[in-house]
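Participant: Mind looking at a prediction? Sequence and model below.
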Amino acid sequence: MNVMAERCTGCGLCLKHCPMRAIKITARKARVDQDLCAECEVCYRVGVCTEDAFEPARELAWPRSIRSIFSNPLTEFKETGVTGRGTEEMKTNDVTGRFRSSMLGVCVDVGRPNVGATLKDVEVITRAVAPLGVEFEGKNPVTYVMRDRASGQLDPAVLSERVVSAVVEFTIPPEKLRGVLEALQAVAPVVDTVFSVGVICRMEDGDHVPALDQVRGWGDPDFAVGPHSKVNAGLGRPGSGPGE
Amino acid sequence: MTHTLHRTRNLAGQGEEFILLSMAAQGYNNRGSEDKFRETFRIMLKHRPVNAGDDNIGGILTGRTVEEILSHANGKSYMAAVYDDREQAEAALRELKAVNLGLSVVVTGEREVVFDLLQRAGLTPHTVNMSLGYMGKVEKLPAPEVLDITSMCGHAMVCPDHVGYVLRQVRGGRMSARDGAVELARPCTCAMFNPSRAEALLTEICRRRRAAGVATADGPPPAGVTEIAPDDGGGRS
């Protein structure tokens, strides 16, 4: 993102909208710190500038282009055809059967507004869980920039790229859940941002959540499942059209 | 994506909320689904959501009209609606079940309440995604009551600094809590930001600050918030 200096009046109204605090006022003009900017385009999209001074980049070169893929909800990840940072994950599981009863899904959201993250932060997490034999989700953009799934190493070219947030997605057999959570807890002091963890589980017998029983059974206050959840209502079914 | 999973509820008295999201599985049932998405969105709107839209274009609080959202519907749409009333959410789910469009629908809220809601709507939950909370440099997060607002946008488009600005406007009597809530919903393209909850939170935060003896438009901002543009202008260098 750029600011057209000739249009900017230096009013500062845009500053509060930047999730990365990348907009600064210098010599009465707003300027975008290109190192901090995650190319999310919030400043442009909310239309806060009365002078239309914001100018989105026409085309972002690799590896900067991944800033937009991770940070701008309207940018489509061409490899999957899905917009945003992640995948359909459990939202279409009633159609795809991606998560079976014998496995759990784990999604780790890295970065939050005004905190942000670098891909280096993300790599700390992928490296922490990879040795546990997790199955990284192939359609996720983080996995796409992964050079070695066995070690969780990302492409070194992307490590210094900044994003508003990224999601690491993988599946595990249920017995590995505690090890994964402990690995995440172990790297929590090392990661220079915040991250949040979600566990995906197929329901059994209508209202039974096996993973919930599993975590509660540990009796460990460090790993408490909160009351907030996303629930697939089971309304989806495969199509019958050509190519489906 | 985990659009709605990590919403926090640190302050009491925010009321219930149910977020419905409908989408197709790419490669499974996305082809020719445009009209199904239009029907889904019309049903969602009929039951009076407090916010609604399509992740791919924006929502009714980001400046999109219903007509724009409907005309833009395609196989990659993510139709969303936020309800602050359990009966309206249930009615929307009942109708979506009745029309049997075959698109997936996800409901976010308090797990046991959602299970009950689905049961009442005649639906059986299929898969669940549960939040285990935040880890890492949690000291970088804003104050809990501000996080309650910013975490309503899973893509992290609603900034603590924006919340700080709106709070100052509301405290100073230059903006109503309702207008502040709608203002905060603007950056959330997924239309999953809940303005009813935000209005209640803004009101409660201001009430607490008054009760704590913080002057109306002065005093320090909540933790993790940088108050900028104090009077619709100025800036940070």
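Facilitator: Right, received. Where do you want to start? Numbers count the residues shown, from 1 in each chain, chains lettered A, B, ... in the order given.

Participant: By residue count, which helix of chain B is the longest?
Facilitator: With secondary structure taken from DSSP state H, chain B has its longest helix at helix B:195-211.

Participant: wait, does that helix make contact with chain A?
Facilitator: No: contact between helix B:195-211 and chain A is absent, the nearest approach being 12.8 Å (criterion: CB under 8 Å from any CB of the partner chain). Just so you know, the C-beta spots here come from the backbone N, C-alpha and C atoms, and that holds for glycine as well.

Participant: And stretch B:38-50, what's buried?
Facilitator: For stretch B:38-50, the neighbour count (16 or more other CB atoms under 10 Å in any protein chain shown) marks B:38, B:39, B:40, B:41, B:43, B:44, B:45, B:47, B:49, B:50 as buried.

Participant: for stretch A:22-34, that is, sorry about that
Facilitator: Using 16+ other CB under 10 Å as the test for burial, stretch A:22-34 gives A:22, A:23, A:24, A:25, A:29, A:30, A:31, A:32.

Participant: Look up phi and psi at the last one.
Facilitator: Right, the one you point to is residue A:32. When read as degrees, to the nearest 10, the backbone of residue A:32 gives phi -100, psi 120.

Participant: Point out where the chain drops to low pLDDT.
Facilitator: Just so you know, I chose chain A. A:80-82, A:113, A:240-244 (pLDDT under 70).

Participant: that's the wrong chain, I meant chain B
Facilitator: For chain B, applying pLDDT under 70 flags the ranges B:1-2, B:214-237.

Participant: Contacts only, for residue A:229.
Facilitator: B:5, B:108, B:109, B:110, B:111, B:114, B:128, B:129, B:130, B:131 (CB atoms under 8 Å, 6 or more residues apart in numbering or on different chains).

Participant: For it, which non-adjacent residue is spatially closest?
Facilitator: Leaving aside its chain neighbours, residue A:229 sits nearest to residue B:111 (3.9 Å; criterion: CB to CB, 6 or more residues apart in numbering or on different chains).

Participant: Break chain A down into its structural domains.
Facilitator: Per automatic domain parsing, the domain ranges recorded for chain A read A:12-55, A:86-218.

Participant: ok, longest strand in the chain?
Facilitator: You didn't say which chain, so I picked chain A. Criterion DSSP state E: the longest strand present in chain A is strand A:194-202.

Participant: try again with chain B
Facilitator: strand B:127-136.

Participant: same for the longest helix of chain B, what does it pack against?
Facilitator: helix B:144-150, helix B:160-171, helix B:177-185 (3 or more CB pairs under 8 Å, 6 or more residues apart in numbering or on different chains; DSSP states H and E).

Participant: Please enumerate the helices of the chain.
Facilitator: Unless you meant another one, I'm taking chain A. Using DSSP H, helices in chain A cover A:42-45, A:65-71, A:93-96, A:119-129, A:141-144, A:177-187, A:210-218.

Participant: I was thinking of chain B, sorry if that wasn't clear
Facilitator: Assigned by DSSP H, chain B shows helices spanning B:34-46, B:66-72, B:86-99, B:111-120, B:144-150, B:160-171, B:177-185, B:195-211.

Participant: buried stuff in the third one?
Facilitator: So the one you mean is helix B:86-99. Buried residues in helix B:86-99 (16+ other CB under 10 Å): B:86, B:88, B:89, B:90, B:91, B:92, B:93, B:95, B:96, B:97.

Participant: Could you do stretch B:169-185 as well?
Facilitator: Neighbour counts over stretch B:169-185 (16+ other CB under 10 Å) mark B:169, B:170, B:171, B:175, B:177, B:179, B:180, B:181, B:182, B:183, B:184, B:185 as buried.

Participant: Give me the distance between that stretch and the centre of its chain.
Facilitator: Relative to the centre of its chain, stretch B:169-185 is centred 16 Å away, using CA atoms, centre = their mean, to the nearest Å.

Participant: Just the CA coordinates for it, please, in CSV.
Facilitator: C-alpha atoms of stretch B:169-185 as CSV (Å, rounded to 0.1, in the frame of the first residue of the first chain):
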residue,chain,number,x,y,z
GLN,B,169,-15.9,9.6,20.8
VAL,B,170,-18.6,7.9,22.8
ARG,B,171,-17.3,9.0,26.2
GLY,B,172,-17.1,12.6,24.9
GLY,B,173,-20.7,12.5,23.7
ARG,B,174,-19.7,13.0,20.0
MET,B,175,-21.0,9.6,19.0
SER,B,176,-23.7,7.3,20.3
ALA,B,177,-22.7,3.7,21.4
ARG,B,178,-24.8,2.4,18.5
ASP,B,179,-23.1,4.6,15.9
GLY,B,180,-19.8,3.6,17.4
ALA,B,181,-20.7,-0.1,17.1
VAL,B,182,-21.7,0.3,13.4
GLU,B,183,-18.5,2.3,12.8
LEU,B,184,-16.4,-0.6,14.2
ALA,B,185,-18.2,-3.1,12.0
